[in-house]
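[1] Pasting the sequence and the predicted coordinates here, then a few questions.
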Amino acid sequence: MTLDYDSHPAELVEGGTVQGQKKAVTVSDLRKAIPAHCFQLSYSTGLFYLARDIFICYALGWVAWTYIPYIRYEGRVEFELLRYSAWLLYGYVQGLVFTGIWVLGHESGHGVFSPSPILNDTVGFICHSVLLTPYFAWQSTHRRHHIYANNLAKDHNYVPPKKEEYARSFGLSPESLDDILEMTEDAPIVVLLRIIMQQLLGWPTYLLCNITASEGSLYRPKSDALLGNSHYLPSSTLFRPEEAHLILASDVGIMVAMGALYFIGCAVGFPAVALLYIQPYLWCNHWIVAITFLHHTHPKLPRYDAEAWTFLRGALATVDRNLGWAGKHLLHNIADYHVIHHLFSRIPQYHAEEATKAIMPLLGDAYHSDKDRSFWYGMWESFTKCQWIKSDGVEDKTQSAYWYESGPCPPPERSMKKRSWI
């Protein structure tokens, strides 16, 4: 199942500049500015990155298994501290490698791992199943996220509340919210705990309940049944009936992976599985949530109602972030060059930097980057300053946008909410 979102009408984006002159820029203009080879796919390059990541993953696991004992040595406090530190370091680094492998599965889902659709789905299915991600199910909903990015009525990722819903989450009326915002501010420890909760539970809860998504992202009315809006049920409201066999295949892949982990645990001990696999798996979950959240959450990024939304506006309401050496070499540029990925998802990650630099002169201020600041600062800023969205007040609904506002953290979402304002 190859995803292709690159054929769109000649939509305009205001704010692009060419040599200082304001100009309307179209998708066609942007595509012409990108060297043709950036759209070319390579078997050897894709397989090289896959082989490299698997080798690093195996090497890290072998070193940890061989040189970091997990059996307690009584009475050796210094050794215990060193041992714990070594395992924590292993979990963090291996978590980055796990995330890189997950990103290659994401590349496969977009059909850009290689020129072969069969190889793409095979690699993606294995990579994601091993990391307990339902490949075909997530591929389907991720496809719609790309088609409707930042569309408040149809997007699948981090659809923020408008004032009415935000106030309702605190049991308030919209009229009384302003007074609360002036007097109330979360303590830093509260914000930190909420961030930890999101990073730890956000990914599995999204897969189970489709939280943070718009109700318009469903194919049928929201279901109150167990797993009725999940990524695991073939009859879920997320999927078309003809996708049922693919959702079932995704479930089988996860069950096989979990069965393999069980048998490995029986053979070598479940503490070893927890240290070697579960610890980096939790880091991988963290990175998936953090990167996705920060792609489209920033005080300077707009959101759009259906009347004002276009593909190009939605794609450009994305920000490139800086993840340093690890982002470039282990995470395959997933955060560093994400704007180009939303504009042209048929560009593989190893051409993303060149393609981005090619379109930046055309986009001017319409290109968003926050690479001068820490990724971790960006997480804190987005979590504290981007709690709800407010209309800019433009009367022409086809030109209006919504902008993020700060406020206290609302109660955690446990299920996809009914959004009466859509």
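    That came through, no problem.
[2] Excluding chain neighbours, what is closest to Met360?
    Tyr367 (5.3 Å; C-beta to C-beta, 6 or more residues apart in numbering). C-betas here are computed from N, CA, C, even on glycine.
[3] Oops, could you answer that again for Ala326 instead?
    Leu96 (5.3 Å).
[4] what secondary structure does that neighbour sit in?
    helix (DSSP: H, G, I helix; E, B strand; the rest coil).
[5] burial of it, as a residue count?
    Residues near Leu96, counting by other C-beta atoms under 10 Å, number 20.
[6] pLDDT wise, what is it at?
    pLDDT for Leu96: 98.
[7] what does Glu413 give?
    As predicted, Glu413 sits at a pLDDT of 69.
[8] repeat for Glu182
    We have a pLDDT of 68 for Glu182.
[9] just use 279 as the starting number from now, easier for me
    With the count now opening at 279, the last piece we talked about shows up as Glu460.
[10] name the element Trp654 belongs to?
    Element membership for Trp654 (DSSP states H and E) is helix 653-663.
[11] Who are the contact partners of Leu374?
    Trp561, Trp565, Ala604, Leu608, Leu609 (C-beta atoms under 8 Å, 6 or more residues apart in numbering).
[12] What segments of the stretch 529-678 of the chain are strands?
    Per DSSP state E, counting those that start in this stretch, the stretch 529-678 of the chain carries strands over the ranges 580-581, 597-598, 646-647, 666-669.
[13] Now do the second one: distance to the chain's middle.
    Just to be clear, that refers to strand 597-598. Taking C-alpha atoms, centre = their mean, to the nearest Å, one finds the center of strand 597-598 at 12 Å from the center of the full chain.
[14] Also stretch 466-480?
    17 Å.
[15] list the helices and strands the helix holding Trp654 packs on?
    helix 466-487, helix 557-574 (3 or more C-beta pairs under 8 Å, 6 or more residues apart in numbering; DSSP states H and E).
[16] quick one on the thing from earlier: just to check, the residue nearest to Met638 is in contact with Ile637?
    Yes - shown here, Tyr645 and Ile637 form a contact pair, counting by C-beta atoms under 8 Å, at 7.3 Å.
[17] coming back round to it: lowest average pLDDT across the helices and strands packed on helix 653-663?
    Looking at those, the bottom one is helix 466-487 with a mean of 92.
[18] who touches that helix?
    Contacts of helix 466-487 (C-beta under 8 Å, 6+ apart): 411-412, 415-416, 464, 489-491, 505, 507-510, 560, 563-564, 566-568, 571, 657-658, 661-662, 687, 690-694.
[19] quick one: average pLDDT of stretch 390-397?
    On average, stretch 390-397 scores 97.
[20] For it, buried residues please.
    Within stretch 390-397, the residues that count as buried by 16 or more other C-beta atoms under 10 Å are Val390, Phe391, Ser392.
[21] from these, which is closest to Ile404?
    Nearest to Ile404 among these: Phe391, at 11.4 Å, using C-beta to C-beta.
[22] In three-state terms, how would the closest one be classified?
    Assignment for Phe391 (three-state DSSP): coil.
[23] quick one: it and Leu382 touch, right?
    Yes - if you go by C-beta under 8 Å, Phe391 and Leu382 touch, sitting 6.5 Å apart.
[24] what residues do these two have in common as contacts?
    Taking C-beta under 8 Å, 6+ apart as the contact criterion, the residues that touch both Phe391 and Leu382 are Gly324, Leu328, Val401, Gly402.
[25] Flag the shaky bits of the protein, pLDDT-wise.
    279-301, 348-356, 460-461, 691-700 (pLDDT under 70).
[26] OK, contacts around the spatially most central residue of it?
    Geometric centre of the chain, nearest residue: Thr570, 2.6 Å, by C-alpha atoms, centre = their mean. By C-beta under 8 Å, 6+ apart, the residues touching Thr570 are Asn435, Tyr436.
[27] now with 6 Å?
    Residues counted as contacts of Thr570 (C-beta atoms under 6 Å, 6 or more residues apart in numbering) are Asn435.
[28] Next, the angle from the helix holding Trp654 to helix 466-487.
    Using axes from the mean of the first three to the mean of the last three C-alpha atoms, to 10 degrees, one finds that helix 653-663 and helix 466-487 are set 90 degrees apart in direction.
[29] distance of the nearest residue to Leu516 once chain neighbours are set aside from His434?
    Among residues not flanking Leu516 along the chain, Thr419 sits closest, at 5.7 Å (C-beta to C-beta, 6+ apart). Noted for Thr419: a distance of 5 Å to His434, by C-beta to C-beta, to the nearest Å.
[30] Over to Pro512?
    18 Å.
[31] and those two? which has more neighbours close in?
    His434 (26 against 16).
[32] how far away is the more buried one from Gln417?
    Here His434 is placed at a distance of 12 Å from Gln417 (C-beta to C-beta).
[33] What of Leu367?
    As defined by C-beta to C-beta, Leu367 lies at a distance of 33 Å from Gln417.
[34] Let me see the contact set for the residue nearest to Leu601 when sequence neighbours are not counted.
    For Leu601, ignoring the flanking residues on the chain, the nearest one in space by C-beta to C-beta, 6+ apart is Ala613 at 4.9 Å. Contact partners of Ala613, counting by C-beta under 6 Å, 6+ apart, are Ile569, Arg599, Leu601, Gly605.
[35] Burial check on the third one, number of neighbours?
    Other residues near Leu601 come to 22 when the count uses other C-beta under 10 Å.
[36] got the phi/psi numbers for it?
    Dihedral pair for Leu601: phi -110, psi 10, per degrees, to the nearest 10.
[37] how much space between Asn429 and Ala679?
    12 Å.
[38] More neighbours: which of those two?
    Just comparing Asn429 and Ala679: by other C-beta under 10 Å the higher neighbour count belongs to Asn429, 27 against 18.
[39] Distance check, the nearest residue to the more buried one once chain neighbours are set aside against Asp307.
    Using C-beta to C-beta, 6+ apart and skipping the chain neighbours, the partner closest in space to Asn429 is Trp587 (4.5 Å). Counting by C-beta to C-beta, the gap from Trp587 to Asp307 is 20 Å.
[40] Settle it for me: which of the two has more neighbours?
    Remark: of Trp587 and Asp307, Trp587 carries more neighbours, 23 against 18, as counted by other C-beta under 10 Å.
[41] so that one touches Asn428, yeah?
    No - counting by C-beta atoms under 6 Å, Trp587 stays clear of Asn428, with 7.1 Å between them.
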